[in-house]
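Student: Okay, predicted coordinates and the sequence, questions at the end:
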Amino acid sequence: MKNGLEDVIAAETRLSDVDGEAGRLIIRGISLDHLVETATYEDAAALLLDGFFEQPVAAGELGARLGRARTEVFAHVRTADEALGKMPPVDAVRALVARLPDGEDFDTALRLAAAPAVFLPALLRLGKGETPVAPNPSLPQSADILAMLTAALPSREQVAALDAYLVTICDHGLNASTFASRVIASTKAGLTSSVLAAISALKGPLHGGAPGPVLDMLDTIGTKDNARPWLAEALDRGERLMGFGHRIYRVRDPRADALKQALEPLVGTGQVDLDRIRLSEAVEEAALVILKERKPGRPLDVNVEFYTALLLDALKFPREAFTGVFAIGRTIGWIAHAREQALEGRLIRPRSVYVGPLPRAA
Ligand code: COA
């Protein structure tokens, strides 16, 4: 028995490969650093979905169809009641996704890829008592998300930063939410069911729920001088430092660097809180030193969530919505894995070791 299924190989995939020793992520044959420099969200989506549906998927056509799918799913926002606006955003997104029809065809996939992108900004506005902004199907998905969030056209740098984020996190091997998606797909339940299971797995703080707490940590630390003492006390209390450590990476998570780079145009044009960036640099530096001292046998480095927090904060997403934004980007990976599993895999049905009492004779 391997606790947490560590090192267990549970699927064969052509979608992505996480090399934890080299700190390298490959998505369909392309290394992340190259993909993030050259691809839009729509390009990455076309790349991931390629070959898993009857019709070939070209990025240009996918963009137009995704735009129409955003308009289609926006109709469901009308069914969002006040209670949904008060729930944690990722739970409310999941509740609305649950109302979409299930299926395995390309239209279902497009609706699912569009749904969190439309629902999250709408729910955030509803939560503040504001009217949701309808999608503009002619915009690329990243620009439209920001326009729906703020009711204003975003800057070029903001669109590029969100696009880089969505591409960076589009797929990442057999992480917990992707595995959940594949388990559901292996039963042939349908793509909507797979995505719902994946969202549920994503929201935990050990997976996609970490970036909000990263920002809380930076706020509590407050000043560069307080970084080391605060981190030491947190570790003394037995806490984990959010935004550090990874099950697979034994070196720096390459997605952290992709996101750090994506932040730079925003930093260069003053579209970020520079004090927070400087503080985060000091916290990262102090955390790496102290983690090395406290856990000498376990290489712990910065992970994707640390820079996610800074980037999404700079884009004016409220911290409670960060996991929902992660879901916007990762949905396309969940869909591709679900299709791969449904088309090529078998029912996933592992065994457990029974360690409970045995029946006694009467
Ligand atoms: N801060 C402090 N210590 C950490 C740590 C962190 N962020 N991450 C791991 N460790 C320590 C554990 O306490 C454990 O120490 P021990 O052996 O003395 O008990 C050791 O490193 C191994 O941890 P383990 O639980 O085996 O790691 P894992 O592979 O199960 O966990 C994470 C991976 C991501 C869940 C873990 O690193 C974590 O909780 N990170 C913080 C949350 C986070 O950033 N999540 C987003 C991931 S992308």
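Tutor: Thanks, I have it.

Student: Alongside the ligand, which residues does the stretch 51-200 of the chain contribute?
Tutor: Among all residues of the stretch 51-200 of the chain, none is adjacent to the ligand (criterion: C-beta under 6 Å from any ligand atom). Placement of C-beta: from N, CA and C, glycine included.

Student: what about the strand or helix carrying residue 328, near the ligand?
Tutor: Following DSSP states H and E, the helix or strand that holds residue 328 is helix 322-344. No. Contact of helix 322-344 with the ligand (C-beta under 6 Å from any ligand atom) is absent, the minimum separation being 9.8 Å.

Student: where do the strands sit along the chain?
Tutor: 16-19, 24-27, 30-31 (DSSP state E).

Student: Let me know which of those strands is tucked in deepest.
Tutor: Ranked by mean neighbour count under mean count of other C-beta atoms under 10 Å, the strands of the chain are led by strand 24-27, which reaches a mean of 21.

Student: just checking, what packs against that strand?
Tutor: Strand 24-27 sits against strand 16-19, helix 32-38, helix 41-49, helix 254-268, with contacts defined as 3 or more C-beta pairs under 8 Å, 6 or more residues apart in numbering; DSSP states H and E.

Student: Throw the ones you listed into CSV and include mean pLDDT and distance to residue 354, thanks.
Tutor: Formatted as CSV, those follow (pLDDT from 0 to 100; distance: least, C-beta to C-beta, whole Å):
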stretch, mean pLDDT, distance to residue 354
strand 16-19, 97, 32
helix 32-38, 97, 42
helix 41-49, 96, 39
helix 254-268, 94, 39
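
Student: Next, name the residue at the spatial heart of the chain.
Tutor: Nearest to the mean C-alpha position of the chain, counting by C-alpha atoms, centre = their mean, stands residue 326 at 2.7 Å.

Student: Mind listing what's buried along stretch 210-220?
Tutor: Within stretch 210-220, the residues that qualify as buried are 210-215, 217-218, counting by 16 or more other C-beta atoms under 10 Å.

Student: what does that stretch contact?
Tutor: With C-beta atoms under 8 Å, 6 or more residues apart in numbering as the test, stretch 210-220 has contacts from 205, 230, 234, 241-243, 276, 279-280, 283, 303, 305-306, 308-309, 312-313, 319-320, 322-323, 326.

Student: Give me the average confidence score over that stretch.
Tutor: Stretch 210-220 shows an average pLDDT of 92 in the prediction.

Student: Stretch 104-121 now?
Tutor: On average, the pLDDT along stretch 104-121 is 97.

Student: again with stretch 315-331
Tutor: Rounded mean pLDDT across stretch 315-331 is 96.

Student: Quick one: distance of that stretch to the chain centre.
Tutor: Distance of stretch 315-331 from its chain centroid, counting by C-alpha atoms, centre = their mean, to the nearest Å, is 7 Å.

Student: What's the end-to-end length of that stretch?
Tutor: One end of stretch 315-331 to the other measures 20 Å (C-alpha to C-alpha, to the nearest Å).

Student: again with stretch 183-203
Tutor: One end of stretch 183-203 to the other measures 17 Å (C-alpha to C-alpha).

Student: Could you check the pLDDT of residue 81?
Tutor: On the pLDDT scale, residue 81 gets 86.

Student: okay, now it: neighbour count?
Tutor: Residue 81 is flanked by 9 other residues according to other C-beta atoms under 10 Å.

Student: What distance do you get for it to residue 99?
Tutor: Distance of residue 81 to residue 99, given as C-beta to C-beta, to the nearest Å: 12 Å.

Student: For the ligand, what is the nearest residue in the stretch 1-150 of the chain?
Tutor: Closest to the ligand within the stretch 1-150 of the chain is residue 4: 5.8 Å, counting by C-beta to the nearest ligand atom.
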